[in-house]
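> coords please:
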Amino acid sequence: MAGVPTFAPIQDARTYVDYHHSAADTLDKIRPDELRENVALGAVLTYALATMDGRLQGVPKSMPAWLKANIER
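Take a look at the predicted model:
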């Protein structure tokens with residue numbers, strides 16, 4: 001209810017569905033340059049979050065009616 005901070009990097013998803021979650025989704029499809037970029041992104045984000053002062057603030061949102069109905073059962 002208080003909101004969960006999220007992070008959504010912008011990615012080039014033009015070829016995402018070519019292999020993702022298919023029988024062709026194998027390790028030979030990994031692109032080393034893209035893997036390095038993603039690892040660097042994760043490392044920088046982790047470092048920034050670990051060394052920041054205070055806490056991230058979430059954006060409060062109301063509970064959706066469908067979820068509230070399921071909880072009240």
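
> can you give the distance of the longest helix seen in the chain from its chain's centre?
The helix that spans the most residues within the chain, counting by DSSP state H, is helix 32-51. Offset of helix 32-51 from its chain centre (Cα atoms, centre = their mean, to the nearest Å): 12 Å.

> what's in contact with that helix?
Helix 32-51 is contacted by residues Phe7, Pro9, Leu56 when judged by Cβ atoms under 8 Å, 6 or more residues apart in numbering. C-betas here are computed from N, CA, C, even on glycine.

> may I ask which helix or strand of the chain has the lowest mean pLDDT?
Here the helix or strand of the chain ranked lowest by mean pLDDT, DSSP states H and E is helix 65-71, holding a mean of 82.

> ok, back up a step: how about CSV for the contacts of helix 32-51, with distance to Ala50 and neighbour count added?
Formatted as CSV, the contacts of helix 32-51 follow (distance: Cβ to Cβ, whole Å; neighbours: other Cβ atoms under 10 Å):
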residue, distance to Ala50, neighbour count
Phe7, 14, 10
Pro9, 18, 9
Leu56, 12, 11
